[in-house]
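>>> Sequence and predicted structure are below.
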Amino acid sequence: AIAKGIAKIEGADDKKCKVDKANQEAVYFEIKNMIERSIDIMKTSKEDIDLVLVGGGSVILPKDITFKGISKIIRPEYHNVANAIGAALAQISWSFEKIINFGDKRAEVLESIRKEATEGAILNGAIKGTVEVTIDEINLSYMQGLVRVTARAVGEVDIQHLKPAENDVPTKIAPVVSVVSAVPEKEEAFTLPPNIATEEYKISDLEDPWEHCKGGEWILTENDVDAIALGASVFGCGGGGSPYMAALLARNLLRQGKKFRVIKAEKLTEDELAITSAGFGVPLVANEKFIDSACMSECANLIINYHRGLNPGVKIGGILPIEIGGLNSLLPIATAALLDLPVIDCDFMGRAFPDLDMGTYCIYGTKLTPIAISDEKGTAILIKGVQKQGYVKYITTLLRSLLIKMGCIAAISFYGMTRSNVLSWGIQGTLTQAWKLGNELMKARMKEIHPLEILEKMANGKQVFKGKIIDVHRSMDKGFNQGFLEIEPIDGDKGPHAVVEFQNEYLHIYLKHTEEEKETLAIVPTLIAIVDREAYFPVLAEDAKYGLRVAIIIFPANKLLTTKEGLERVGPAAFGVTNYTRKKQIQTFSQYYFLLEKKKKKKKKKK
């Protein structure tokens with residue numbers, strides 16, 4: 001700033017600041033980019049806003065500087081000493097949060113909360129009589145009658161009663177210094193929080209986790225859980241819930257002495273049945289109201305007991321995940337450990353899908369019952385069902401209505417599958433695939449290898465767009481988190497915006513040339529993942545917000561999903577997506593759509 005002639009420091013020799021003009025411009029270009037990124041993180045919409053520049057850093061910015069997304073820059077009088085003024089005028093606050101059932105005494109309860117918040121602020125150093133309290137109430141739709149209440153109290157600093165810090169010199173400003181000294185001396189560097197706990201992760205040098213397994217069983221460690229969680233978050237396609245909470249549950253069970261055993265489907269015998277286990281509901285709700293592990297095992301036991309009622313001698317060979325994406329990659333492992341059973345290394349979606357009838361067990365097996373659903377309140381329902389035309393859709397609709405009554409999150413388990421069922425319908429080795437991807441991504445993070453290389457190498461991924469989220473529209477409808485994201489190109493790129501539609505998971509990405517002209521880049525069942533631009537960790541649909549810098553990666557779907565039968569159940573039409581184009585550049589990932597279209601045209605010509 002001194003070399004550029006923007007700032008002057010008393011006693012500093014301007015001539016000694018030898019920074020050439022090219023470096024000056026490069027530094028200011030980067031400063032401008034950093035500030036624009038910070039502004040985007042704080043903004044909540046794409047509309048331009050005013051920017052107030054204060055503090056020591058404000059003096060190094062040129063007066064004629066402009067920022068994208070800023071309509072006006074304001075530098076108040078004495079802006080360069082705002083930090084000192086702010087410390088002198090600081091207020092004292094106190095806040096807390098409670099889950100409350102008001103009953104018929106709402107006014108009395110709120111008054112009690114207001115009093116508690118006021119007393120907390122005064123004890124914290126606020127002047128009595130200056131404290132103001134704000135109270136926010138949010139009804140919890142998934143817990144009838146309960147309300148989350150957040151109280152915040154703010155008051156003027158009572159300087160006369162503040163105690164100076166032990167090392168402070170007792171001067172007139174000592175009480176103020178003691179307030180400032182309460183702030184940590186060293187501020188931690190900002191890092192984007194990962195989807196899983198990686199601070200204790202130990203890199204595995206194994207390329208295949210089965211290399212040293214004995215007796216055909218892979219015994220999972222906490223590191224294995226973390227690797228699976230990270231890989232599964234990519235395969236979740238923005239949905240399926242964050243594996244982070246499931247990883248914490250799994251870690252806790254391991255520390256309690258539970259054993260996580262994984263076997264391959266080939267190890268099942270012909271006289272054994274494998275039982276499915278999964279969480280069911282709205283991923284957004286699962287972040288706050290997590291599925292109880294006891295609820296998961298109870299639900300599986302309902303199905304096990306049903307089969308034992310039909311055949312007392314039936315053997316249960318293991319627990320099956322229904323999807324590898326999101327938290328359902330790890331929840332079945334926890335269920336298996338609680339029941340002292342192995343989990344089988346396969347799933348029936350190869351990703352995450354929003355509804356139960358989208359698994360290969362329905363695409364090729366056309367069966368969904370008997371099925372059990374249970375919640376944390378102890379409610380458990382077994383639906384035996386009958387095999388009639390259209391019954392699968394009826395069952396899924398019935399389960400959705402029960403799910404809403406249960407608070408939008410529940411455990412499910414359905415019929416036992418034979419060895420031949422699992423080998424025919426299952427997408428084999430998906431737990432292993434998630435582990436390999438997660439472990440390699442962790443290696444990349446620690447060895448400073450670009451994660452995109454890993455996604456391309458390990459999962460045949462392809463980056464199709466990068467940019468900044470500028471609009472998020474979401475709504476809750478029939479138990480689904482639905483909406484779209486709009487992303488504009490950045491880093492000097494010019495061109496159309498990208499739009500990503502989602503229903504729990506990302507379904508369709510297209511370029512919006514105009515309101516009428518749209519160009520599809522990828523569409524379900526192709527896997528679409530949105531990752532942050534810094535660490536390439538997946539961004540869930542419920543976490544997407546304005547200002548995030550992201551990249552969009554697509555992966556090929558498993559061949560079981562791209563057959564004619566598969567596309568009828570999990571293709572665009574199954575989600576009501578009709579506004580997609582058929583362009584040559586996406587044939588690598590969605591070629592079956594085009595092959596089908598060609599066949600239709602040939603049939604018409606023959607006729």
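Yes, it's here.
>>> in the protein, which residue is closest to the centre?
The residue lying closest to the centre of the chain (CA atoms, centre = their mean) is residue 540, at 3.4 Å.
>>> ok, for that one, nearest residue in space, not its chain neighbours?
residue 238 (5.5 Å; CB to CB, 6 or more residues apart in numbering). C-beta: built from backbone N, CA, C; applies to glycine.
>>> And for that neighbour, the neighbour number?
The local packing of residue 238 (other CB atoms under 10 Å) involves 28 other residues.
>>> how close does the residue nearest to the centre of the chain get to residue 474?
12 Å (CB to CB, to the nearest Å).
>>> For the residue nearest to residue 221 when sequence neighbours are not counted, which residues are in contact?
Counting by CB to CB, 6+ apart, residue 221 lies nearest to residue 254, which is 7.5 Å off, once chain neighbours are set aside. Applying CB atoms under 8 Å, 6 or more residues apart in numbering, one finds that residue 254 lies in contact with 220-222, 225, 260.
>>> what are the ranges of the helices in the stretch 451-600 of the chain?
Assigned by DSSP state H, counting those that start in this stretch, the helices in the stretch 451-600 of the chain fall at 451-459, 564-570, 587-606.
>>> Just the buried residues of the second one, please?
Same thing as helix 564-570. Residues 566-567, 569-570 are the ones in helix 564-570 that count as buried (16 or more other CB atoms under 10 Å).
>>> What backbone torsions are found at the residue nearest to residue 540?
Note on residue 238: its backbone torsions stand at phi 90, psi -10 [degrees, to the nearest 10].
>>> Let's verify residue 336: helix, strand, or coil?
helix (DSSP: H, G, I helix; E, B strand; the rest coil).
>>> So it is in contact with residue 330, correct?
No - judged on CB atoms under 8 Å, residue 336 makes no contact with residue 330 at a distance of 10.6 Å.
>>> how many other residues sit next to residue 283?
Residue 283 has 27 nearby residues by other CB under 10 Å.
>>> Let's see the pLDDT reported for it.
For residue 283, the model assigns a pLDDT of 71.
>>> That one against residue 481, yeah?
Yes - counting by CB under 8 Å, residue 283 touches residue 481, with 6.6 Å between them.
>>> Contacts only, for residue 330.
Shown in contact with residue 330 (CB under 8 Å, 6+ apart): 225, 228-229, 232, 243, 246-247, 249-250.
>>> Redo the residues you listed as TSV? Include neighbour count.
What follows is the contacts of residue 330, written out as TSV (neighbours: other CB atoms under 10 Å):
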residue	neighbour count
225	28
228	33
229	30
232	37
243	31
246	30
247	25
249	21
250	27
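>>> any idea how far residue 241 lies from residue 282?
9 Å.
>>> and these two? which has more neighbours close in?
The neighbour comparison of residue 241 against residue 282 (other CB under 10 Å) goes to residue 241, with 31 against 24.
>>> Would you confirm that the more buried one belongs to a helix?
No - applying three-state DSSP, one finds residue 241 to be coil, outside a helix.
>>> what about residue 83, neighbour count?
By other CB under 10 Å, 13 other residues sit near residue 83.
>>> residue ranges with poor pLDDT in the stretch 451-600 of the chain?
Within the stretch 451-600 of the chain, the segments meeting pLDDT under 70 span 476-479, 491-493, 579, 581-600.
>>> Mind listing residues that contact the longest helix anywhere in the chain?
For the chain, the helix that runs over the most residues, judged by DSSP state H, is helix 21-42. With CB under 8 Å, 6+ apart as the test, helix 21-42 has contacts from 3-4, 19, 51, 60-62, 65, 67-70, 468, 546-547, 549.
>>> can we see that at 6 Å?
Counting by CB atoms under 6 Å, 6 or more residues apart in numbering, helix 21-42 makes contact with 3-4, 67-69, 547, all of which sit outside it.
>>> Columns secondary structure on top of those residues, output as a markdown table?
As requested, those are arranged in a markdown table below (three-state DSSP):
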| residue | secondary structure |
| --- | --- |
| 3 | coil |
| 4 | coil |
| 67 | coil |
| 68 | coil |
| 69 | coil |
| 547 | coil |
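>>> closest to residue 110 among the residues you listed?
Nearest to residue 110 out of the contacts of helix 21-42 is residue 547 (CB to CB; 34.8 Å).
>>> measure the residue nearest to that closest one when sequence neighbours are not counted to residue 549 for me?
With sequence-adjacent residues excluded and distances taken as CB to CB, 6+ apart, residue 547 is closest to residue 40, at 3.4 Å. Residue 40 sits 8 Å away from residue 549, taking CB to CB as the criterion.
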